[in-house]
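1. Below are the sequence and a predicted model for it; my questions follow.
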Number of protein chains: 4
Amino acid sequence: MSAVNKIAVLTSGGDSQGMNAAVRAVVRSALYRGIEVYGVQRGYQGLLNEDLRQMDLRSVGDIIQRGGTVLQTARCKEFLTPEGQQRGAEVLRNKGIDGLVVIGGDGSYQGANKLSKLGIKTMGLPGTIDNDIPFTDFTIGFDTAVSIVVDAINKLRDTMTSHERSSIVEVMGRHCGDIALYAGLASGAESILVPEVPFDIREISGRMKENFQNGKRHSIIIVAEGAGKGDDIARQVHEYSGIEPRTTVLGHIQRGGTPTHNDRILASRLGDFAVEKLIEGDSAKACGIVKGELVTTDIEQVVTTKKPFDMNLYNLAIRLAQ
Amino acid sequence: MSAVNKIAVLTSGGDSQGMNAAVRAVVRSALYRGIEVYGVQRGYQGLLNEDLRQMDLRSVGDIIQRGGTVLQTARCKEFLTPEGQQRGAEVLRNKGIDGLVVIGGDGSYQGANKLSKLGIKTMGLPGTIDNDIPFTDFTIGFDTAVSIVVDAINKLRDTMTSHERSSIVEVMGRHCGDIALYAGLASGAESILVPEVPFDIREISGRMKENFQNGKRHSIIIVAEGAGKGDDIARQVHEYSGIEPRTTVLGHIQRGGTPTHNDRILASRLGDFAVEKLIEGDSAKACGIVKGELVTTDIEQVVTTKKPFDMNLYNLAIRLAQ
Amino acid sequence: MSAVNKIAVLTSGGDSQGMNAAVRAVVRSALYRGIEVYGVQRGYQGLLNEDLRQMDLRSVGDIIQRGGTVLQTARCKEFLTPEGQQRGAEVLRNKGIDGLVVIGGDGSYQGANKLSKLGIKTMGLPGTIDNDIPFTDFTIGFDTAVSIVVDAINKLRDTMTSHERSSIVEVMGRHCGDIALYAGLASGAESILVPEVPFDIREISGRMKENFQNGKRHSIIIVAEGAGKGDDIARQVHEYSGIEPRTTVLGHIQRGGTPTHNDRILASRLGDFAVEKLIEGDSAKACGIVKGELVTTDIEQVVTTKKPFDMNLYNLAIRLAQ
Amino acid sequence: MSAVNKIAVLTSGGDSQGMNAAVRAVVRSALYRGIEVYGVQRGYQGLLNEDLRQMDLRSVGDIIQRGGTVLQTARCKEFLTPEGQQRGAEVLRNKGIDGLVVIGGDGSYQGANKLSKLGIKTMGLPGTIDNDIPFTDFTIGFDTAVSIVVDAINKLRDTMTSHERSSIVEVMGRHCGDIALYAGLASGAESILVPEVPFDIREISGRMKENFQNGKRHSIIIVAEGAGKGDDIARQVHEYSGIEPRTTVLGHIQRGGTPTHNDRILASRLGDFAVEKLIEGDSAKACGIVKGELVTTDIEQVVTTKKPFDMNLYNLAIRLAQ
């Protein structure tokens, strides 16, 4: 017997690639198991606006490959208040909905946690490109974001080699340097600047100069926005070494595009898993993937823990980018 | 103290995307640890031809993003004989090379195993797009191959939707259906035909017909070459259902293109790990990644075991593609 | 004063990339000029089914970048009969529609021509990937199709170089070799086999062999489907030269994918131009682009003329692929 | 009889995609016609350094698809002086080279002009992504640059739609707005800001606001760097409308990547044509393509004329982006 009768799904916070695949998985997995399922438009704001509609198999047809989220997303100040949360729970209860899957980041999780205390069973899915959520190795959208950065650096390489130039690429990641780390390792970046590891631009500049003298034909510094502004770093490198790096700021294109197969598969697995857990009676949990296995963790714990940084991968990147 | 003094690296068998990143990692990791390293051109054939050259840091510059293999690869009958293997070991010994990293598939591994018995310490890295090597969750090139298939299916979707059509996509995988499985799950393929799971075209055809009647606007069957020829399946579907699917055979484009960041990272990790293991004195091992961790397994065991198929993922794909 | 009061637009025959951009241009250009505009679903079949809906500015929002056609397309036997055509004209007249833009190929043009004789002012836009329509240098979709073929050959190059191999790539083009010609020139294909130019496989095989002996590391034969089946050519090359080329059949992926900017721009220009011409009172014309200028030609003449083949470009390709 | 005995080719100024295809065409076309050909490394600087090598058919193998330029490029102050130019002509004469093809922009053309006065027959090919060279409809690299911008905007669309947001995309083009114009038309950008057309941010902001109120789900402003900084425009839009657009600065990725088939074909045609013209005895000419035909124009005239802006295309873009 299922612990939930009807469930809803919403996407919240910044969108990320693969959210649609997650929505599709939640809807189809629920229907497969005989549970009615509703889509909430525009996150918690839409919930308060009672902007829900029942979903069938076809509601999520032809969306697995689309970036963004068909459910849209929005910020919602009202839902930060106890009154707003109260009201959200009521909207759901009035429709007979007793389970909710929330796809988003930190703030979205906290909303789910509040709702769980008001009697709605909730599951959080990690939807954010930054990979900054702990207790999951990867978030939905991260793989696509890295692929976009790596594709941009592929393009930069050609023109840098022609000119024997250096480039600074500023990527997303306010508190978590994973996009910079993975894209940097994959692109052979000479330096990877992340908020988690202290760095010295003077030393980096010196190494760049030396490498050019030893025959390196181009040089890439990748910097997470949380570690500094690309333009500032460029100015300092110039000051210390005389080299004039070009800066590229990839911005929101890192959030767009068709999701990679990995993001679609991860989203599909997590969406299906979240429904299973709701049916089993779990609540206030964040779903994640750790060492290839699907796991749940108390949302409480997720939102109060900082994601650890993978120093092994970081050191590997440095070792190989000589 | 290192168990090897000088090492060599070669790529063998069919090429796969990420082989260059693996070569780069082997070379730079060895140099970082003070070990001399040689590149063998054209696999075991090049070894017998003494086609080796010493590598420095710049020898592997600007290759991490390139498909194919700068070391090239070739089939070599002579190396299948004890005399050939004997001669290969001698060529290495004459240059003072006592360690060898072989990047390739099954046949390449067996060559490495033979050489290890002749006194050369050897490590195998899984380089093949098919993902058909056991004791590793992923092989180098598999992620890129899946991404190419998924990109092709993205293109097919548009035109199928316009015409309300169905497509059969034949992908690589003689003994292992993983490309079909991952690409099928990621693309929302209605049916995934692989050598590991029996199927009934009559039943598949019936379900397709029914789905079209229920409003599905297009339908994809993905078939691993080991499970049948695309054209044959198309003929049978037509016979049973009246539907006329179009067939696409992706062929060798699945082996090309710039490697994804995942393949580059996997290759970098494995290449570095193989050097570490040679230095530690290991030999006749295959390196792999299992649940996110780097591991070694006796080549003997690897070449005599069949890779298990992931039925959970398969069932998930079917469940979500309703 | 406008010669038309209300117009409709439909897509017909095989779909091609950029059809959506053309539909958008027709709709917005008409509205801009104060003309009501209707979209017909599923081509002439939809017309007979009275499957029309009025379009506003938002009806064509967010489609410029999508492959396929939001109006869908279908074959329609009934419309080949005088009764069907009669009926089609009536459906339009009953709604007060006196102008029609048809986007498609040869057959679609003939339908437009018939309707013009029944009092509906019609304009044809060349929508087909094959570039087989005369009196226009380019058709909508051709540029994207070529880009897909060239991208596939980019991928093949890597793996061919690693193995010193040759490839045969079969592309679309039953009567017109332009996809093969443009993709072949752009990819440095050694041989380009098209229906318009006789060829001798024995001679081609000899040249391939010679080139390999002179140090060429890979070799591509591109063949338009109208010039032969890839597999047959491969067999003959093998027979004459001993070389074993791999065959890739790109199939319907050539018809999919997001349209290139060139196809979107061409479609936008032609869609806008067609509306302008209807307003001016023209009818039974095909719109095209010749030497960069938009032109109209009698449909009658278009459907009875064979598109000439560009031998200069062909000879250039051969000259440069030595 | 040929007017030149030996020719050389160099790339100069900023690199652009397709330069390699042009070099390949010059080399192979010369060899086909029995003329010896040399490649100069690093532009005019390399010429002064006597950094030339003779090219054969294989020297330009496997480069048609590569971005950047295998001949590399560099700025060279010395060559701006009469002494430098004198010396450049001597270096060529000492090797018996009496013809030179220069691929680049304005500055590169002026160098070629000087050399022609010193007895070297010269031809200029338009190699720059900006499309800012007059007497040619398109420059080599422009098509690829536009495709990269359009691809980036494709990605932005998804995420903007999810959030109902607006974006400002800053693209290259200091004096010429063509990248912005073509990419803007192809992407359905609401506003296209170029140096050639005056604009009023207050008015643009008002229109954006109105469009959002009428149901438009996202809005793109594309701005050529010569028309303003993205961030500045964003600030003004915010001030006038309350909308907060996100800025993306694509930077040097617009110069990289594999060239499109159009750039490869244009480069191939122009490279072949330049050799033909040198053989015929022409000199101090810029080659270009106008309305599909290859033409030459006196370099003198090219460097003193400003490229006209296509107001028809601009007006079409505005008309269709309602």
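-> Noted; the coordinates are in hand. Residues are numbered from 1 along each chain as shown, chains lettered A, B, ... in the order given.
2. So which bits of the stretch 51-200 of chain A are right by chain B?
-> Residues of the stretch 51-200 of chain A lying close to chain B by C-beta under 8 Å from any C-beta of the partner chain are A:57-58, A:61-62, A:64-65, A:137, A:143, A:146-147, A:150, A:154, A:157, A:161, A:182-183, A:185-188. Where you see a C-beta, it was placed from the backbone N, CA and C, and this is true even at glycine.
3. Let's see that with 6 Å instead.
-> A:57, A:58, A:64, A:65, A:146, A:147, A:150, A:154, A:185, A:186, A:188 (C-beta under 6 Å from any C-beta of the partner chain).
4. and which of the residues you listed is nearest residue D:212?
-> residue A:65 (27.3 Å; C-beta to C-beta).
5. Per-residue pLDDT of the closest one, please?
-> Looking at residue A:65, its pLDDT is 94.
6. Filter the residues of the stretch 51-200 of chain A next to chain B down to the buried ones and hand me the PyMOL line.
-> Only the buried entries of those go into this PyMOL selection, using 16 or more other C-beta atoms under 10 Å in any protein chain shown:
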select buried, chain A and resi 57+64+65+146+147+150+154+185+186+188
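7. ok, which of the residues of the stretch 51-200 of chain A next to chain B also contact chain D?
-> Within these, nothing lies near chain D by C-beta under 6 Å from any C-beta.
8. Closest one to chain B out of the residues of the stretch 51-200 of chain A next to chain B, please.
-> residue A:186 (3.6 Å; C-beta to the nearest C-beta).
9. so how far is residue A:134 from residue A:305?
-> 4 Å (C-beta to C-beta, to the nearest Å).
10. ok, the two, which is more surrounded?
-> residue A:134 (17 against 12; other C-beta atoms under 10 Å in any protein chain shown).
11. Excluding covalently adjacent residues, which one is nearest to the residue in chain A that chain C sits nearest to?
-> Proximity of chain A to chain C (C-beta to the nearest C-beta) peaks at residue A:258, 9.4 Å away. Using C-beta to C-beta, 6 or more residues apart in numbering or on different chains and skipping the chain neighbours, the partner closest in space to residue A:258 is residue A:65 (5.2 Å).
12. Quick check on the one you found: phi, psi?
-> Per-residue torsions, residue A:65: phi -100, psi 0 (degrees, to the nearest 10).
13. Wait, it touches residue B:154, no?
-> Yes: here residue A:65 reaches residue B:154: they are 5.4 Å apart, a contact under C-beta atoms under 6 Å.
14. Can you pull out the low-pLDDT segments for the stretch 151-300 of chain A?
-> A:164 (pLDDT under 70).
15. all helices of the stretch 151-300 of chain A, in order?
-> A:178-187, A:201-213, A:230-241, A:261-280, A:299-303 (DSSP state H, counting those that start in this stretch).
16. Now residue A:102: which helix or strand?
-> Element membership for residue A:102, per DSSP states H and E: strand A:99-104.
17. helices or strands next to whatever helix or strand comes next after that strand in the packing?
-> Of the helices and strands lying after strand A:99-104 in sequence (DSSP H and E), the nearest is helix A:106-117. If you count contacts as 3 or more C-beta pairs under 6 Å, 6 or more residues apart in numbering or on different chains; DSSP states H and E, helix A:106-117 packs onto strand A:121-126, helix A:299-303.
18. go with 10 Å
-> Contact here means 3 or more C-beta pairs under 10 Å, 6 or more residues apart in numbering or on different chains; DSSP states H and E; on that basis helix A:106-117 packs against strand A:6-11, helix A:43-48, helix A:82-94, strand A:99-104, strand A:121-126, strand A:285-290, helix A:299-303.
19. CA atoms of it as PDB?
-> C-alpha atoms of helix A:106-117 as PDB (Å, rounded to 0.1, in the frame of the first residue of the first chain):
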ATOM      1  CA  ASP A 106      19.100  24.900  -1.300                       C
ATOM      2  CA  GLY A 107      16.200  27.300  -0.900                       C
ATOM      3  CA  SER A 108      13.900  24.900  -2.600                       C
ATOM      4  CA  TYR A 109      14.900  22.200  -0.200                       C
ATOM      5  CA  GLN A 110      14.100  24.400   2.800                       C
ATOM      6  CA  GLY A 111      10.600  25.000   1.500                       C
ATOM      7  CA  ALA A 112      10.100  21.300   1.100                       C
ATOM      8  CA  ASN A 113      11.300  20.800   4.700                       C
ATOM      9  CA  LYS A 114       8.700  23.300   6.000                       C
ATOM     10  CA  LEU A 115       5.900  21.700   4.100                       C
ATOM     11  CA  SER A 116       6.800  18.300   5.500                       C
ATOM     12  CA  LYS A 117       6.300  19.700   9.000                       C
END
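20. Report the beta-bridge partners for residue A:246.
-> residue A:167 (DSSP bridges).
21. quick one: it from residue D:255, how far?
-> 10 Å.
22. before we move on, what about residue A:232?
-> 23 Å.
23. same thing with residue A:192?
-> 23 Å.
24. what angle sits between the strand holding residue A:102 and helix A:82-94?
-> Our comparison of strand A:99-104 with helix A:82-94, counting by axes from the mean of the first three to the mean of the last three C-alpha atoms, to 10 degrees, yields an angle of 130 degrees.
25. Contacts only, for residue A:275.
-> A:2, A:4, A:7, A:9, A:25-33, A:35, A:37, A:99, A:101, A:123 (C-beta atoms under 10 Å, 6 or more residues apart in numbering or on different chains).
26. Filter those residues down to the buried ones, PyMOL style.
-> Entered in PyMOL, the line below selects the buried ones among the contacts of residue A:275, by 16+ other C-beta under 10 Å:
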select buried, chain A and resi 2+4+7+9+25+26+27+28+29+30+31+33+35+37+99+101+123
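27. on that earlier part again, can you name the residues that contact the residue nearest to residue A:258?
-> A:17, A:20-21, A:258-259, A:261, A:264, B:150-151, B:153-154, B:157, B:186-188.
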